[in-house]
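> with the input below, show me the fold.
(4 chains)
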Protein chains: 4
Amino acid sequence: MTRPIRVTVWGENRHEQHDESVARIYPDGMHSTIADGIRENLGDGAVVRTATLDEPEHGLTEEVLAATDVLTWWGHAAHGEVSDEVVERVHRHVLSGMGLIVLHSGHWSKIFVKLMGTSCTLRWRSDHDRELVWTVDPTHPIAQGVPQPIDIPAQEMYGEFFDIPAPDELVFISSFSGGEVFRSGCTFRRGHGRILYFSPGDQEYPVYHHRDVRRVIANGVAWAASDRAERALPTLMRYETGEFFRGADYAHAAPEIAEARAAAEVRDA
Amino acid sequence: MTRPIRVTVWGENRHEQHDESVARIYPDGMHSTIADGIRENLGDGAVVRTATLDEPEHGLTEEVLAATDVLTWWGHAAHGEVSDEVVERVHRHVLSGMGLIVLHSGHWSKIFVKLMGTSCTLRWRSDHDRELVWTVDPTHPIAQGVPQPIDIPAQEMYGEFFDIPAPDELVFISSFSGGEVFRSGCTFRRGHGRILYFSPGDQEYPVYHHRDVRRVIANGVAWAASDRAERALPTLMRYETGEFFRGADYAHAAPEIAEARAAAEVRDA
Amino acid sequence: MTRPIRVTVWGENRHEQHDESVARIYPDGMHSTIADGIRENLGDGAVVRTATLDEPEHGLTEEVLAATDVLTWWGHAAHGEVSDEVVERVHRHVLSGMGLIVLHSGHWSKIFVKLMGTSCTLRWRSDHDRELVWTVDPTHPIAQGVPQPIDIPAQEMYGEFFDIPAPDELVFISSFSGGEVFRSGCTFRRGHGRILYFSPGDQEYPVYHHRDVRRVIANGVAWAASDRAERALPTLMRYETGEFFRGADYAHAAPEIAEARAAAEVRDA
Amino acid sequence: MTRPIRVTVWGENRHEQHDESVARIYPDGMHSTIADGIRENLGDGAVVRTATLDEPEHGLTEEVLAATDVLTWWGHAAHGEVSDEVVERVHRHVLSGMGLIVLHSGHWSKIFVKLMGTSCTLRWRSDHDRELVWTVDPTHPIAQGVPQPIDIPAQEMYGEFFDIPAPDELVFISSFSGGEVFRSGCTFRRGHGRILYFSPGDQEYPVYHHRDVRRVIANGVAWAASDRAERALPTLMRYETGEFFRGADYAHAAPEIAEARAAAEVRDA
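I've put the predicted structure just below:
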């Protein structure tokens, strides 16, 4: 990508309003801290804005998403308040080529669950575990510039079994001082989009101030930005024999079933 | 599995009613032919029943699914008529350990799209292409007992790009006489369940009478039957430090957020 | 596999002779203990024999390998004494369909290094770490019948980065009380053969007496036994247009380059 | 990578000397044509040199490899003449972080066979098949800027089963007019290095003059260039409890087995 990557950092921004302990760690909201970490690492290579749950359309209008190369997502207590319409919109943009970085408790966000197709459940405990984040794919761009391991003094524990599809690439595995392990850095390709799930980061601990965590998120943003020339949704098309480049859409190709398929398309879109 | 595998073959069973050309090939419905192919190959190793769209709850009640080790799915023109409630039920059973074999145009069924998280679109043409199905994983149990390649004289063409997650295992790749290729045998693990997508089989061609196609479907059924002792949905649980085996569910572990999570659970279940 | 699986348990059997501490734990050699664990779990389903380094041809003649469905491998201090000829023979049998279970310090055996193509290096420490073995693929036959996690009170630590190819399936991840993590259960398919690497097990600790470790090794044996009808090495063949089933070998197909290729074949065989 | 990528294009350069038909297509050798294609696409982003079999040490001295970010490899009739010492050297550099692009009949080169651990055999025919190269991973940087499919009017046929490990990423699948399919674009990560195998390209056909083939090779070069700061071989190290960053090598850590391990290291290095 030769121009700066356009990043939208989405935050639920509820704990920061209601929990004094969280507000002390993140006085401007976790989304602001995450955004700062990306700017700090990518510099002129990124233009970063933020959006939050309580804005109209959660700050994720069609216009915003169309102008977003990579979206980062942090949510926790209010997953259920995210409107299905916005989830469908984000889903469509991811399949069309927008990068997506899902952080920590975002594992149970509607958008992540929809993209994975699984329950995305896990084991957990919030008890000041030390988390060590080990690189298991040292060739991966997301793992560059961080120590082996990343040492996070206090963190919520997330443990296996984490019910996700086997990741396309497993980049990080974490251990916790209680003895649990977690696939903490996982990539997925869905449609034309690239997805990173990266688990460190809880509202009760200052994880998004951690230098190495910020570096990984910034690396993830750079990696998730599409190399494709245009954003486009994969589409079902009919091709005549010997014609590889010009396909017909359903309406023209098979009128008798177009209606049923169109109904399905509406549902999926 | 030491007892016979309990198989439910699900068929949309609409083309067979309305299209004379289809009824000629499949006078008892495609589901009957598919079921016969499984019986033919697995013998006493399987007990096979069928279910169809127009039965109450599409023949897929909680009782039927609870007594089904592996479900096979063929649908095409009426994906939109499958009730969301039944789709959620099947989804829950797959994540809990029920095997699922998705056939041909089932690529656009609600259940497959939900499990994949992608658009599941592809390129296609119905023009009597010859399909050759090549084994690319000769160690896989699903690929045993069939020639290299399987030769299907006439078939609908399904071509790439097929918008699915990269399969956990790629077992078969097909070529078509028009020059297209397709990842025609793909496995996926989701939750506690195993899924096979196998593309040969269209209502307009006698593909489910083909010896090798029947063998692959039967192999898939045997492979997809769970080795797990019990059917159980992966569940989010809290574990105290040093306690690895007894977790607490949300209601008891974190009452303040239990409500929001419970809402999410209802949505996902 | 309808007949009993024919298993050969290979052991280096040196520590047991020279280190009193090891002999106390494994008075009949580690190979005997490993063999007992397989018999204990598979019963009539397996016929198990052992072979050791100091036998002629290390006990791994062509006849023995031809009559072995699954070979297990434990070596440590004497990797360099294993003859290259025997390594080539084992390699050929694995690519032809023999299953292989590589245990613990076998990560640096000639046969494993040759099959992986990487350095197979790792980080380690022998300091009585507690190892917890977590299942991350609960659908896998190798993970059946063991607790989550397997608890091994004292073990040598093996840690990441473990320089292996990304496994085809990652079944287990271990944590150690020192904080390290390790991909401790990994499957690989090579040629017509299935390979499991399973790391628990050091000569200084009674790991092969551990009930769950024995279960995993037995599960691995059952999984690695080939489903293929015959043992055969993948072979380069020339096929005429339209002829899919009868190929010509190099000598007949391309005499001018047959010599160079044959030289390569000798090297690879 | 902020400086230009240093590319070494290696060619066997024998057919070009002895076969008039090949010399007509590649008057300056295939390596020159491949090098031109990389320059054409990467411009100032790459500095490209060539090396051939008949140079001293095949043109691949320690100095040359140390100054090479990405090596491309084309060989065919003289695989057996490549010295084992050079193969070990290239292998060590790949595991240390050098990128490697293996082209066409390089599938049977010593270096590729050593990195894969398999037989790397396939089915083939040289009979002017049309090859269509289909993208199955449209998010991959290697697949950018080429049509779906790439149309190669005449090519040698390479078909499945191709005995390689399941690739980390499957980018391209080819069909041939004779009906065969082939996994024609495969990535592998080994040690700290990235490897692309890309099959189009035979000495009898002008494939390396094809615009899209040249684009893919150049994309592959850009992708394979390491993001790591330094070239370094993965090394076995001992770490004390609580000490994550400073490991001890074998000589200091475990003198009693250092000798055997050192012997193994010499073999592997």
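> can you map out the helices along the stretch 1-150 of chain A?
A:15-18, A:20-25, A:30-42, A:62-66, A:84-96, A:110-116 (DSSP state H, counting those that start in this stretch).
> may I see the buried residues of the second one?
Meaning helix A:20-25. For helix A:20-25, the neighbour count (16 or more other C-beta atoms under 10 Å in any protein chain shown) marks A:22, A:25 as buried. In short, each C-beta sits where N, CA and C put it, glycine included.
> next: the fourth one.
For helix A:62-66, the buried set under the neighbour-count rule, 16+ other C-beta under 10 Å, comprises A:64-65.
> contacting residues around that helix?
Defining contact as C-beta atoms under 8 Å, 6 or more residues apart in numbering or on different chains, one finds that helix A:62-66 is touched by A:8, A:51, A:71, A:89-90, A:93, A:98, A:231.
> most widely separated two among these?
A:51 and A:231 (18.4 Å; C-beta to C-beta).
> before we move on, the earlier item: from the contacts of helix A:62-66, pick the one nearest chain C.
residue A:98 (26.1 Å; C-beta to the nearest C-beta).
> is it true that that closest one touches residue A:69?
Yes: between residue A:98 and residue A:69 there is a contact under C-beta atoms under 8 Å: 6.8 Å.
> give me the common contacts of the two.
In contact with both residue A:98 and residue A:69: residue A:226, using C-beta under 8 Å, 6+ apart.
> quick one, which of those two is more surrounded?
residue A:98 (27 against 21; other C-beta atoms under 10 Å in any protein chain shown).
> circling back to that earlier point, deepest of the helices of the stretch 1-150 of chain A, which one?
helix A:110-116 (a mean of 24; mean count of other C-beta atoms under 10 Å in any protein chain shown).
> and the nearest residue to residue A:228 once chain neighbours are set aside, how many neighbours?
Leaving out its chain neighbours, the residue that sits closest to residue A:228 by C-beta to C-beta, 6 or more residues apart in numbering or on different chains is residue A:97, at 5.2 Å. By the measure other C-beta under 10 Å, the count of residues near residue A:97 is 23.
> and residue A:97, how far from residue A:231?
5 Å (C-beta to C-beta, to the nearest Å).
> what sits in contact with each of these two?
residue A:192.
> on that earlier part again, hang on, isn't the residue nearest to residue A:228 packed against residue A:227?
No: counting by C-beta under 8 Å, residue A:97 stays clear of residue A:227, with 9.2 Å between them.
> now do the shared contacts for these two.
Contacts common to residue A:97 and residue A:227, judged by C-beta under 8 Å, 6+ apart, are residue D:139.
> who does residue A:172 bridge with?
residue A:135, residue A:185 (DSSP bridges).
> what does the pLDDT read for it?
Reported pLDDT at residue A:172 in the predicted model: 98.
> run through chain A and note the low-pLDDT ranges.
Counting by pLDDT under 70, chain A has low-confidence residues at A:1, A:250-269.
> can you give me the strands in it?
In chain A, the strands defined using DSSP state E lie at A:5-11, A:46-52, A:70-74, A:99-103, A:123-135, A:150-159, A:169-176, A:181-190, A:193-198, A:237-238.
> which strands and helices sit next to the shortest one?
Packed against strand A:237-238 by the contact rule (3 or more C-beta pairs under 8 Å, 6 or more residues apart in numbering or on different chains; DSSP states H and E) you find helix A:250-253, strand B:123-135.
> which one of these is the most hemmed in?
Ranked by mean neighbour count, those are led by strand B:123-135 with a mean of 22 (mean count of other C-beta under 10 Å).
> wait, residue A:133 touches residue A:200, no?
Yes: look at residue A:133 against residue A:200 with C-beta under 8 Å: they come within range, at 6.4 Å.
> so residue A:151 bridges to which residues?
Going by DSSP bridges, residue A:151 forms beta bridges with residue A:132.
> next up, the contacts around it.
Taking C-beta under 8 Å, 6+ apart as the test, what residue A:151 contacts is A:130, A:132, D:244.
> again, only this time at 10 Å
A:130-133, A:210, A:212, C:179, D:244-245 (C-beta atoms under 10 Å, 6 or more residues apart in numbering or on different chains).
> quickly list what's touching both of residue A:133 and residue A:200.
The contact sets of residue A:133 and residue A:200 overlap at A:150, A:152, A:155, A:172, A:174, A:182, A:184-185, A:210, A:212-213, A:216 (C-beta under 10 Å, 6+ apart).
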